[in-house]
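1. sequence and predicted structure below; questions after.
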Amino acid sequence: MAATTKVALGVVGCGAITEMYYVPTVRELERAGYVTVTAIFDPSTERVAKIGAQLIGAKQFTDFSEFVKSAPQLAIVASPAKFHAEQTIKLLESGASVLCEKPFASNVAEAEQMLAAATHTKRKLAVGLFRRFFPACNLIREYVAAETLGKVIDFEFSEGGMFDWPAQSGSFFQKKTAQGGVFLDLGAHLLDLMLWWFGDPSSVEYSDDAMGGLEINSVARFEFANGLRGRVQLSRDWELPNKYVIRCERGWLAWKVGEANRVEIGARRSSHTILGETLEDRSSAANYAESFVAQLLNCIEATSADVKLVVPGEEGIRSLRLIEKCYQRRKLLPMPWLTEAEMARARQLAV
Amino acid sequence: MSTIAIIGAAGFVGTRLVEVFCLGGGAQARPVVRQFKSLARLSRFQLDCRMADARNEAALTNAFEGCDAVVNAAVGDPRMIEGIIEPVWKACVAARVRRLVYLSSGSVHGQAPTQGTDEMTPLSDQQWYWYNNAKVRAEWKLEQLRKTRDVESVVLRPTIVFGPRSRWVWDAAKEIANGRACLLEGGKGICNTIYVDNLVNAIQLAIDKPSAAGKTFLVGDEESVTWRDFYAPICQHLKAAEPASVPAREMTAIREFSLVEKMRGISGMQKVLPLIPGSLKRAVKGALSGWSEQETLPWRLRQAGSIELSSEMNALQQCQWRLPYKRAAEELGYRAPVSFEEGMRRSVAWLDFAGFSLAR
């Protein structure tokens, strides 16, 4: 059912994420009467015009201060991560609630400033970790918590492939503009689910292949107070299985990255696997695209009514804290094809 | 220190070339890529990367400014392979680049070259595989441009380039793991391998050696390798049995760059795929493949499907001639610094690095 008052929505950043995901999401919620897109911002005239052509009626801004003055009630911040803190804080202080894309911020200190601003201004601050709306991820959480297949023994998550995101700038790949590589980018999603399902690990080991630049391969190992162990591998370099496998006492669960409503379930002494598809109901999104819509709807309802955010900033900062902790313990990944001399030089560059 | 521009720097050979320059010194790498997303693989190092479409002479000229040499290691569809030769050449002239090294392929002689084939053997662009024809036409275009002598140029013809990030290694491992690998008549055909570091060595010689200008060289590993030799270390690493032996088939022409490959190449396709329902994806894939699967009745005995070689592999494994690198040895001073055995050891070690053994 559509809201009685439409929320005035602003969009910050007209890059690939906005073009591919937010534009169709916003148009659907506009059609359903929940929002009116009042303003969009991007420093590039070309990009703002391109998105503006799809969000008819939205005022186009290339000056962020002018965009803020247009007073949106809710803003989606989908700019490069290094701008998240500054833009989010300005928007919160102007009275807007914010849905900030992941990674939440460049670092924990910035994220804490964003949270403080949200508390101070009493505005809502959500993080774009939309996988939490996937029925499959919710099902896994319930199975793990209820120990449906027994206690979890270990897990192995892998995600990534040759980088294929239609990036509109090189900012993703420069150390001065992106504070991390694949571990910050994909890791924000992966670690958020890990923390949501299992809680905070008690110890971490981390290695990657950055040699003066940004990592494109990374491996992390985690241990938890209850004895649970897990291994995480991420890549922008080569196609990984893109599968999260959780082994339990009596069976296992597996989730293919991106499959919003499908989970594989296996029993320990059976050679058969069940590929389960969650059934649609009114309370949850049915698929990938609907999860994106559900995320924004949650933010709209939290802005206009007393509805709790599914992924508030306090949750979003958790994965960022863990990423930062991992980076602090960083070691160089052994690259077995390098000669000894090359590996020695790689170690020098990696410092 | 000289600066070397690398077109196709995010590809398999380009990635290793950049790595060698960054970790070994000697020259400064300047990757030249067409799309922002290609910067990902290069971002491990602090590099002076440049954006330029390899068909855009003006953009390339800017990108080559101050470079001593250019290595053209670009891959792509036939239009790309042939279409970039002239703009790259002209940009080299405009930017006063001393030398251009073009990575062609031993495939210009076909997947199974006849006995006695060497650099002097005439080429044909009427072969059964589009890739061979595109590479032949690209070489012919370069040959025409070479007559102007505006830029020194060297053409290298490697064949089965393997190593970390090589599709030959990954695909073989995948087939072996899936029980789908097979060898033509036990794999006795010649596999004209070159470990990627050996190719990088040849590229460095081609950049530096004054007498190499204007010449074309076949390059390969030191050892004579069969397809059985190529698969054996991968099987051993995966603790798998030797692949089944199959008979040779007639060659089936691969005239066109397939539509599926074109679709895969569309920017952002991998990110859009999750939005498409699985049933639709399967239907589209089936339609694009020409509905090759025959309709079967439900009353059938479930058994493993027959194993057969792809058209390309069927042709490659019929090879009975080891392409010689005598000319490269004599005129470039080329020697393969890494043995086939060591190259394979590094390649299978990379399989583990790349997550081959992870749960799938």
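-> Perfect, I can see it now. Residues are numbered from 1 along each chain as shown, chains lettered A, B, ... in the order given.
2. for chain A, see how far away the spatially closest residue to B:T159 that is not a sequence neighbour is.
-> Leaving aside its sequence neighbours, B:T159 sits nearest to B:G106 (Cβ to Cβ, 6 or more residues apart in numbering or on different chains; 3.2 Å). The way it works is simple: take the backbone N, C-alpha and C, and place the C-beta from them, glycine included. Computed as Cβ to the nearest Cβ, to the nearest Å, the B:G106 to chain A distance reads 23 Å.
3. who's in contact with B:G106?
-> Listed by Cβ atoms under 8 Å, 6 or more residues apart in numbering or on different chains, the contact set of B:G106 reads B:113, B:157-159, B:192, B:218, B:220, B:323.
4. now those residues in CSV, with secondary structure?
-> CSV is the format used below for the contacts of B:G106 (DSSP: H, G, I helix; E, B strand; the rest coil):
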residue, secondary structure
B:P113, coil
B:R157, strand
B:P158, coil
B:T159, coil
B:N192, coil
B:L218, strand
B:G220, coil
B:L323, coil
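5. out of those, who's nearest B:G355?
-> Nearest to B:G355 out of the contacts of B:G106 is B:P158 (Cβ to Cβ; 26.9 Å).
6. model confidence for that closest one, exactly?
-> pLDDT recorded at B:P158 is 98.
7. now do the one 10 residues further on
-> What the model reports for B:W168 is a pLDDT of 97.
8. tell me which element A:I17 is part of?
-> helix A:16-17 (DSSP states H and E).
9. pull the residues that contact that helix.
-> Residues contacting helix A:16-17 (Cβ under 8 Å, 6+ apart): A:78, A:101, A:165-168, B:268.
10. now which of those would you call buried?
-> The neighbour-count criterion (16 or more other Cβ atoms under 10 Å in any protein chain shown) marks A:78, A:101, A:165-168 among these as buried.
11. tell me the phi and psi of B:A59?
-> phi -60, psi -40 (degrees, to the nearest 10).
12. tell me the contacts of it?
-> Contacts of B:A59 (Cβ under 8 Å, 6+ apart): B:51-53.
13. now cross-check these against chain A and list the overlap.
-> B:M51 (Cβ under 8 Å from any Cβ of the partner chain).
14. which of the contacts of B:A59 has the most neighbours?
-> B:A52 (22 neighbours; other Cβ atoms under 10 Å in any protein chain shown).
15. confidence score at that residue?
-> 96.
16. and if you look at B:K239?
-> At B:K239, pLDDT is 96.
17. measure it to B:A177 for me?
-> 10 Å (Cβ to Cβ, to the nearest Å).
18. so those two - more neighbours on which side?
-> Ranked by neighbour count (other Cβ under 10 Å), B:K239 and B:A177 place B:A177 first, with 17 against 7.
19. looks like that one contacts B:A240 (just checking).
-> Yes: assessed by Cβ atoms under 8 Å, B:A177 is found in contact with B:A240 at 7.0 Å.
20. now the farthest one out in chain B, which residue is it?
-> Here chain B reaches farthest from its C-alpha mean at B:W299, the gap being 43.7 Å by Cα atoms, centre = their mean.
21. which parts of chain A are helices?
-> Taking DSSP state H as the test, the helices found in chain A are A:16-17, A:23-31, A:45-52, A:64-69, A:84-93, A:108-121, A:135-146, A:182-198, A:288-304, A:313-328, A:340-350.
22. wait, what's in contact with the residue nearest to B:G66 when sequence neighbours are not counted?
-> Nearest residue to B:G66 in three dimensions, chain neighbours excluded: B:T3, at 5.9 Å (Cβ to Cβ, 6+ apart). The contact partners of B:T3, taken as Cβ under 8 Å, 6+ apart, are B:27-30, B:66-68.
23. what's the closest of those residues to B:W350?
-> Nearest member of the contacts of B:T3 to B:W350, counting by Cβ to Cβ, is B:A29, at 20.5 Å.
24. so where's the chain uncertain?
-> Let's take chain A. A:1-4, A:281-284 (pLDDT under 70).
25. that's the wrong chain, I meant chain B
-> Short version for chain B, where the test is pLDDT under 70: B:251-296, B:302-305.
26. any idea which element the residue nearest the centre of it lies in?
-> For chain B, the residue nearest the mean C-alpha position is B:V161 (6.2 Å; Cα atoms, centre = their mean). Using DSSP H and E, B:V161 sits within strand B:160-162.
27. ok, that strand: who's next to it in the sheet?
-> strand B:193-195 (parallel) (DSSP bridges).
28. distance from the chain centre to the strand it pairs with, please.
-> Taking the mean of its C-alpha atoms, strand B:193-195 sits 11 Å from the chain's own mean (Cα atoms, centre = their mean, to the nearest Å).
29. what lies in contact with it?
-> By Cβ under 8 Å, 6+ apart, strand B:193-195 touches B:158-163, B:202, B:219-221, B:225, B:230, B:336, B:338, B:340, B:342-343, B:346-347.
30. how many residues are close by B:E341?
-> Going by other Cβ under 10 Å, the residues that sit close to B:E341 add up to 14.
31. pull out the buried residues from the helix or strand hosting it.
-> Using DSSP H and E, B:E341 sits in helix B:340-353. By neighbour count with 16+ other Cβ under 10 Å, helix B:340-353 contains the buried residues B:340, B:343-351, B:353.
32. repeat that for stretch A:323-334.
-> A:323-324, A:326-327, A:330, A:332-333.
33. related to what we said a few turns ago, export the contacts of B:G106 to TSV and tack on neighbour count?
-> Formatted as TSV, those follow (neighbours: other Cβ atoms under 10 Å in any protein chain shown):
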residue	neighbour count
B:P113	22
B:R157	26
B:P158	27
B:T159	24
B:N192	28
B:L218	28
B:G220	29
B:L323	21
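34. tell me which two of those sit farthest apart.
-> Most distant of the contacts of B:G106, by Cβ to Cβ, are B:P113 and B:P158, 13.7 Å apart.
35. can you give me the helices in chain B?
-> B:12-24, B:57-64, B:78-83, B:85-94, B:130-146, B:167-177, B:196-208, B:227-237, B:259-264, B:269-272, B:278-288, B:311-316, B:326-327, B:340-353.
36. thought A:F198 was touching A:R141, still the case?
-> No: contact criterion Cβ under 8 Å: A:R141 and A:F198 do not qualify, at 9.6 Å.
37. which of these two has more neighbours?
-> A:F198 (19 against 15).
38. pretty sure the more buried one contacts A:F224?
-> Yes: using Cβ under 8 Å, A:F198 makes contact with A:F224 at a distance of 6.0 Å.
39. quickly list what's touching both of those two.
-> A:G230.
40. wait, what's in contact with the nearest residue to B:N314 once chain neighbours are set aside?
-> Leaving aside its sequence neighbours, B:N314 sits nearest to B:R249 (Cβ to Cβ, 6+ apart; 5.2 Å). When contacts are counted by Cβ under 8 Å, 6+ apart, B:R249 is found next to B:308-309, B:314.
41. roughly how far apart are B:R249 and A:R330?
-> 51 Å.
42. surely B:T226 meets B:L184?
-> No: using Cβ under 8 Å as the test, B:T226 is too far from B:L184 to be in contact (10.5 Å).
43. contacts only, for B:L323.
-> Contacts of B:L323 by Cβ under 8 Å, 6+ apart are B:106, B:109, B:113, B:117-118, B:157, B:159, B:192, B:218, B:220.
44. and if you look at B:V71?
-> Applying Cβ under 8 Å, 6+ apart, the residues near B:V71 are B:4-7, B:14, B:17, B:100-101, B:103, B:203, B:207.
45. is it possible to get JSON lines of the residues you listed that adds distance to A:L309 and neighbour count?
-> Formatted as JSON lines, the contacts of B:V71 follow (distance: Cβ to Cβ, whole Å; neighbours: other Cβ atoms under 10 Å in any protein chain shown):
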{"residue": "B:I4", "distance to A:L309": "52", "neighbour count": "25"}
{"residue": "B:A5", "distance to A:L309": "49", "neighbour count": "30"}
{"residue": "B:I6", "distance to A:L309": "47", "neighbour count": "30"}
{"residue": "B:I7", "distance to A:L309": "48", "neighbour count": "27"}
{"residue": "B:G14", "distance to A:L309": "45", "neighbour count": "27"}
{"residue": "B:L17", "distance to A:L309": "48", "neighbour count": "27"}
{"residue": "B:L100", "distance to A:L309": "57", "neighbour count": "30"}
{"residue": "B:V101", "distance to A:L309": "56", "neighbour count": "23"}
{"residue": "B:L103", "distance to A:L309": "53", "neighbour count": "26"}
{"residue": "B:I203", "distance to A:L309": "55", "neighbour count": "25"}
{"residue": "B:I207", "distance to A:L309": "58", "neighbour count": "22"}
